[in-house]
Every structure is written in structure tokens, then in C-alpha cells.
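# Sharing a sequence plus its predicted fold:
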There are 4 protein chains.
Amino acid sequence: MSPRPAFTPPDPNYAARVAASFARQGIMGLLGARITRIEPGLCEIRLPYRPDLSQQHGYFHAGVTSTIADSAGGYAGFTLFPSDSAVLTVEFKINLLAPADGDLLIAVGQVIRAGRTLTVCQFDVEVEKAGKRSVCAHGLQTLITVAGRPEA
Amino acid sequence: MSPRPAFTPPDPNYAARVAASFARQGIMGLLGARITRIEPGLCEIRLPYRPDLSQQHGYFHAGVTSTIADSAGGYAGFTLFPSDSAVLTVEFKINLLAPADGDLLIAVGQVIRAGRTLTVCQFDVEVEKAGKRSVCAHGLQTLITVAGRPEA
Amino acid sequence: MSPRPAFTPPDPNYAARVAASFARQGIMGLLGARITRIEPGLCEIRLPYRPDLSQQHGYFHAGVTSTIADSAGGYAGFTLFPSDSAVLTVEFKINLLAPADGDLLIAVGQVIRAGRTLTVCQFDVEVEKAGKRSVCAHGLQTLITVAGRPEA
Amino acid sequence: MSPRPAFTPPDPNYAARVAASFARQGIMGLLGARITRIEPGLCEIRLPYRPDLSQQHGYFHAGVTSTIADSAGGYAGFTLFPSDSAVLTVEFKINLLAPADGDLLIAVGQVIRAGRTLTVCQFDVEVEKAGKRSVCAHGLQTLITVAGRPEA
């Protein structure tokens, strides 16, 4: 819980590059997720509830939570990548801290270490129910920069 | 990679109980996933490819892979739970070993330790492309038994 | 990286209870680690460098980093446990963000969710070299409260 | 729990290279651990119990278990690395499946995916008590090959 480092993206056009890549993630359209904040080293994704996003008790499925958390972390990292590179998730770990019971899911991914090859992010997911937010998941993710392969 | 322990489910009706719970996971219908194998301590879930399950390069999204892996692990554990209990994922970690490039995703969850409160599973995900299978993800998951709360 | 929640320990005597338990961890004496800060939901452990704590390049071994991080997280959680309970680590995940190259290792564990059965902590590890600190590891940990079994 | 892939090490001298690197890990001498099996993609490390390796209940400390598991995984991977490279742990996750209560700890690391940059291993740890072995931990680890930097 140290203060977040300040990052200078090598590509000033990072936001457009993220938006173009995100638009190609078919699953984001299927789920109904959208990026609501993009800054150097940070990405926020929001997803409104629908019954077809649920697990067996009617809450957001842990996999759905993971999906937007993984993309939030991935794009947080991607804001700091050179323009001719792509991003892939190496691995992530997520703790489901409380049932994701609510009408809106908000995932924030943040870079905690930016490297030439590997970038490490953490993500926090909150759920909003009747206007009140609470934490429902927290995770840690490793990304790899695939050089010489622009995303678009 | 020790041999898998042999398990005796406390509820002989475990397969029907898993099927009923799975049918209530709205996200499985949205993705098009189905259970193709259920045994004490084991669950296999298959998911055919569609463009709206993709990440930015057209492969299955890591979150989609995680979603069926999480359910495969969760139901592998649930086969060993008492009939009056529910299952929740505490946390999981997944390594995306290779791009999930193919037309079918096959996730197998297996219990490696069954406890009264906590159950630990591992999951392997393979992708099939033109009839050839290869490993694309591997993970480790902790589940909790919520006693006195039947799933249905 | 949300602000840390404020915690009220159920046992006002938590610091003495932590100190007594820590004193029984034989490995802490062997390594030369000591607790340098204890607060509700937080524990800091410091460990000076010695060549016999090293990995093959002479840095602190990742396992040594993990050992004090695991104890820092465990005792952060334990500050919030009832007096007649014990703490066990269910699992943890650690990212080694940079080589632990320095003369002092400082691990801070902090509770991010305190539950009746499960408690989730994160830990940050910094290494100090010639008076300058830098982050070398970050992780996420799940603890279980073992009720009715006082540590001492 | 698929069968382990067969590996051909690029450096036929891998066992001597592992032994030389292991000998430089100061912590292994301090703990009293030694390599008892080394094969392409596999490494076994054993550690006899001593009170100064314990956590607060007298079992092997989770950090000690993690330390030999991390080295077992690291050297399993290192058997498959080119001779002019070094190995570093990127991250690992470990589930402590049962208290490590016994007189001998046996960690086996095995490669599940060998890549040019990243290698993924799993590790199993067993504890032996009065001649009877039982599983006490399982984990998953990501390694990075640092090229052009021989370990010795």
C-alpha cells in the first residue's frame, strides 16, 4: 500500500492504443464492459450487472470479476508499453474477498512495477449496490511485453 | 503430479446437485460452456470458440479461460461437499502457459486436498485446434464450504 | 491501493500475544529476524543481511524474503484474532519484483480483509542498500483462524 | 495431472551446473538442505527437521517449506537452461495443504512449460513422520531465463 509510482508512458498516444485494443476484445462487448478511466499505469473498467453474468447464487461470477480485472491490469500495463509491442498475461492470482453482490462491478488495475520484459500489476475490484461501494476482490498479475508486434 | 487421491463423495447424488447448480450459473449459458465429465473430485467443462469470447488477438480471453477453469475447479470440489452446503471460491491463481488459440477449450478441475472447511483444487486447460490438443493454462484454487446453505 | 481499513483488535493484549508467538518461531532466531512494528492489522519484520541467507548470486534468497513476508502477514492478521485462537497460513503468492540486493530486508504485512474464518493480507518487502530503500517483493496471503486453540 | 513432458536439456552438463549453483545458495547450508535427485526438468530437495526451522507450533515454518520448494522449482527449470544463462524466480504461489509436522521435508519441483524467456514449474512438498509420507504443500512458480549471464 505504498504510494503508486509516477509513470511516463513512452507512447503519448497510449489512450487511443488502449481503446483500439479493447475494442477488439470480443468478450468485453459480450459482457457489456467498458473502460471508464485510463492514465499512465492505471485502467478502470466498469461492468453493469445482468443475470447472465452470474454464478449460482446470483452474484457476479468469480470468472467475470477475473475477466474485467485481468483486462484492467493488462491495459494499465499496456499504457506504459512501446507502441510497437503487444501485451499478454503471464499469470494472475485473485482473492475473492466478498461475494460480488451488486449492480455494478468496478475494476481498477495499477502497475506496481514496470520492466522492459515483465510488468507487475495489482487490481482491486469493488461492487456497488444501491449506491454503496464495497471491495469484493484483490489480485496480483504478471504481464509480458511482446516486442515488435503492434496490437493493431 | 502425484496420482490423484480416490474420493468418496458424502452425497451419492453429487452429479445431479452439480448439474442443478451449474444450470443456475448465468455466465455459463452466455459463454456456451457445458459440463462434459463429472466424477468424485473431478469436473470437466468444454467451451467452443466464438469471436465474442476473444481477447485482442482473437484467442480465447484469459478471463474466459479463467471462468471455465474456476467453475471446473469449483464443481470438482463441490462433488465432495455435503448436500446441505454451498461452494465459494476463496482465491485462485492461473498461469496462461500459451495463447488459447483454437476452436475448443477444455478445462479439467481436480481436487488435490479435500478438507472440512477448505478444499484445494488444481485445474488444467487445453485448447483444441484442428483436432490437436495442447495445454494452455494451469492453476491452483482454494474453495470454502459454506455449511447449512444448500445451493438449491 | 485503497487506504487501509481501521481495525479494532478483539484482544487488547495483541502485541504481547504476537511477541510470544514470534519468539516460538525457531526459524526467526536462526535467520536473525525481529518484529519492529506491530499495530492492529499490521506487522513489520526486519532482517539484516548475512551471506548464509543468500541465493546463488549473493542476494537474499527468495525463500528468505518469503519467510519474513509470510510471518509479517501472519502476525498482521493475528493482531485481529481472538485470544483463544491460532493462526495458520492457507496459501500465499509472492512476486519478486527486483533482486533483493542490500544489507537489510523490511517486510510489512497488512490486513486487507478480516473475516471470522479467513483473513487476507498483502505484504510489501523493501531492501535497503547503503541507506537507500527500494521495493523488492509484493504478495497476497490467505490466513485461517483456528478457534479454540490458543497459541501459548 | 497430465503426464510430465519429456525434456532434452540443451546443456548435457546440467547436473554439475545445478550442483555448483546450489552450493552458492548460502541459505541451503544454513537450513541443512541438499539436492537428492536431479533430472531434466526435475529437482528434489530434502531437509531434515530441526527446532530452529519451526513456526510457533513446532512444525516446519511455511517460509522454510517455501524456500526449499522455490529452489526445487528453480533448479528443475535451470536443468533446461542454456549454459550461459542464470535463473531468477519471477513469482510463486504455494498452498500449505496440511501442517508440515514431521522429521523430513521433501520438495519436488517439476517443469510444466519450458519457454525461451519464461519457464513454469509446479512443486509438491511432502513431510515424512515416523517413516510415513504425506503431502503438505503444492505450488506453482514462474521463472525467467537471464541470458548471457552464466551462474558461475
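Sure thing, it's come through. These numbers were taken from a predicted model, which means no experiment stands behind them.

# Spell out, range by range, the strands that occur in chain A.
In chain A, the segments counted as strands under DSSP state E are A:34-39, A:42-48, A:86-96, A:104-114, A:118-129, A:132-146.

# right, and those - which one's nearest residue A:63?
Nearest to residue A:63, of all the strands of chain A, is strand A:86-96, at 9.9 Å by C-beta to C-beta. Glycine gets a C-beta too; all of them are placed from N, C-alpha and C.

# ok, and the closest non-adjacent residue to the residue most central in space within chain A?
In chain A, the C-alpha nearest the mean C-alpha coordinate belongs to residue A:72, at 0.9 Å (C-alpha atoms, centre = their mean). Leaving aside its chain neighbours, residue A:72 sits nearest to residue A:109 (3.4 Å; criterion: C-beta to C-beta, 6 or more residues apart in numbering or on different chains).

# Against residue D:114, how distant is that neighbour?
29 Å (C-beta to C-beta, to the nearest Å).

# Same check on residue A:6?
For residue A:6, the distance to residue D:114 - C-beta to C-beta - is 37 Å.

# And residue A:146, by the same measure?
With distances taken as C-beta to C-beta, residue A:146 is found 18 Å from residue D:114.

# Which of these two has more residues huddled nearby?
Neighbour count, other C-beta atoms under 10 Å in any protein chain shown: between residue A:146 and residue D:114, residue D:114 has more, with 22 against 16.

# The more buried one contacts residue D:78, doesn't it?
No - Residue D:114 lies out of contact with residue D:78 (C-beta atoms under 8 Å); the separation is 10.9 Å.

# State which helix of chain A is the longest.
When chain A is parsed with DSSP state H, its longest helix is helix A:62-78.

# for chain D, what are the nearby residues on chain A?
Residues of chain A found near chain D (C-beta under 8 Å from any C-beta of the partner chain) are A:90, A:91, A:93, A:117, A:118, A:120, A:140, A:142, A:144.

# What is the burial count for the second one?
Just to be clear, that refers to residue A:91. Residue A:91 has 29 neighbours, counted by other C-beta under 10 Å.

# What sits closest to residue A:81 if chain neighbours are left out?
residue A:145 (5.4 Å).

# before we move on, back to that, could you export the longest helix of chain A as PDB, CA atoms only?
Taking C-alpha atoms only, helix A:62-78 is exported to PDB below (Å, rounded to 0.1, in the frame of the first residue of the first chain):
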ATOM      1  CA  ALA A  62     -15.700 -15.000 -10.000                       C
ATOM      2  CA  GLY A  63     -14.700 -15.600 -13.600                       C
ATOM      3  CA  VAL A  64     -16.400 -12.400 -14.700                       C
ATOM      4  CA  THR A  65     -14.800 -10.500 -11.900                       C
ATOM      5  CA  SER A  66     -11.500 -12.000 -13.000                       C
ATOM      6  CA  THR A  67     -12.100 -11.200 -16.700                       C
ATOM      7  CA  ILE A  68     -12.500  -7.500 -16.200                       C
ATOM      8  CA  ALA A  69      -9.800  -7.400 -13.500                       C
ATOM      9  CA  ASP A  70      -7.400  -9.200 -15.900                       C
ATOM     10  CA  SER A  71      -8.200  -6.600 -18.700                       C
ATOM     11  CA  ALA A  72      -7.900  -3.700 -16.200                       C
ATOM     12  CA  GLY A  73      -4.400  -4.900 -15.200                       C
ATOM     13  CA  GLY A  74      -3.400  -5.700 -18.700                       C
ATOM     14  CA  TYR A  75      -4.300  -2.300 -20.000                       C
ATOM     15  CA  ALA A  76      -2.800  -0.500 -17.000                       C
ATOM     16  CA  GLY A  77       0.500  -2.200 -18.100                       C
ATOM     17  CA  PHE A  78      -0.100  -1.500 -21.800                       C
END
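
# how many degrees apart are that helix and strand B:132-146 in direction?
Taking axes from the mean of the first three to the mean of the last three C-alpha atoms, to 10 degrees, one finds helix A:62-78 and strand B:132-146 inclined to each other by 120 degrees.

# Flag every buried residue along stretch A:100-120.
If you call a residue buried by 16 or more other C-beta atoms under 10 Å in any protein chain shown, then stretch A:100-120 has these buried ones: A:100, A:102, A:105-115, A:118-120.

# likewise stretch A:136-149?
Using 16+ other C-beta under 10 Å as the test for burial, stretch A:136-149 gives A:136, A:137, A:138, A:139, A:140, A:141, A:142, A:143, A:144, A:145, A:146.

# so the third one sits right up against residue A:124, yeah?
Yes - between residue A:138 and residue A:124 a contact is recorded at 5.5 Å, counting by C-beta under 8 Å.

# Which residues are in contact with residue A:127?
Listed by C-beta atoms under 8 Å, 6 or more residues apart in numbering or on different chains, the contact set of residue A:127 reads A:60, A:98, A:100, A:101, A:102, A:104, A:105, A:106, A:133, A:134, A:136.

# export the residues you listed to a markdown table and tack on distance to residue B:85 and pLDDT?
Formatted as a markdown table, the contacts of residue A:127 follow (distance: C-beta to C-beta, whole Å; pLDDT from 0 to 100):
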| residue | distance to residue B:85 | pLDDT |
| --- | --- | --- |
| A:60 | 21 | 97 |
| A:98 | 19 | 96 |
| A:100 | 20 | 97 |
| A:101 | 19 | 97 |
| A:102 | 24 | 98 |
| A:104 | 30 | 98 |
| A:105 | 26 | 98 |
| A:106 | 31 | 98 |
| A:133 | 30 | 98 |
| A:134 | 25 | 97 |
| A:136 | 22 | 98 |
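
# Return the two entries of those residues that lie farthest from one another.
Maximum distance among those (C-beta to C-beta): 14.9 Å, for A:98 and A:104.

# can you give me phi and psi for residue A:8?
Phi and psi for residue A:8, reported as degrees, to the nearest 10, are phi -110, psi 110.

# gap between it and chain B?
Noted for residue A:8: a distance of 24 Å to chain B, by C-beta to the nearest C-beta, to the nearest Å.

# mind checking how far that residue is from residue A:113?
From residue A:8 over to residue A:113 (counting by C-beta to C-beta), the distance is 15 Å.
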